[in-house]
Every structure is written in C-alpha cells, then in structure tokens.
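1. just to be clear, the model below is a prediction. Sequence and coordinates:
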Amino acid sequence: MSQSYNNIDGLLLLDKPFGITSFEAVHKIKKVLNVEKTGHCGTLDPAATGLLLVLVGKATKL
C-alpha cells in the first residue's frame with residue numbers, strides 16, 4: 001500500500017517551544033501535514049525558544 005502525500009510547498013514560521021529540538025519540531029510538522037520533504041534553516045538549542053523557519057515540499061531546495 002503506497003502512502004499519499006499532500007501537495008504543500010512553502011515556508012512555515014514556527015515559534016519553537018522550550019524543551020524540543022529543531023529536528024523534533026520539524027518531524028512533528030512533517031507528520032501532521034503528511035508531506036514527504038521538510039527542513040529547517042538553522043538549529044535552535046532545545047532550551048531555546050524562538051522563530052524556526054521550516055521549509056516544506058519543493059521549498060526545501062531553496
């Protein structure tokens with residue numbers, strides 16, 4: 001059975017909460033949106049909060 005993916009491309013601005021890594025935040029977005037590709041611009045420490053730029057779909061190539 002093949003998995004279907006949403007056709008979403010673009011940039012999300014995420015206010016990363018305290019206590020999770022940038023990778024964990026991006027992984028959660030990937031699962032919620034059911035997209036094949038996600039990535040982030042820069043890494044925030046798990047103890048840091050703040051703006052995390054998350055790229056989705058074709059925007060990951062930017």
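-> Yes, it's here.
2. can you classify the spatially most central residue of the chain by secondary structure?
-> Nearest residue to the geometric centre of the chain (C-alpha atoms, centre = their mean): Val26, 3.0 Å. What DSSP: H, G, I helix; E, B strand; the rest coil gives for Val26 is helix.
3. residue contacts, it?
-> Counting by C-beta atoms under 8 Å, 6 or more residues apart in numbering, Val26 touches Thr38, Gly39, His40, Leu52, Val54. No exception for glycine: its C-beta is placed from N, CA and C like everyone else's.
4. now do the helices in the chain.
-> Assigned by DSSP state H, the chain shows helices spanning 22-33.
5. so who does Pro17 touch?
-> Counted by C-beta under 8 Å, 6+ apart, Pro17 has contacts Ala25, Thr49.
6. quick one, phi/psi of it?
-> phi -80, psi 160 (degrees, to the nearest 10).
7. swap in Ile20?
-> Residue torsions, per degrees, to the nearest 10, at Ile20 are phi -120, psi 150.
8. would you confirm that it contacts Leu44?
-> No - with contact defined as C-beta atoms under 8 Å, Ile20 does not reach Leu44; the gap is 9.4 Å.
9. between those two, who's got more neighbours?
-> Set Ile20 next to Leu44 and count neighbours by other C-beta atoms under 10 Å: Leu44 wins out with 17 against 14.
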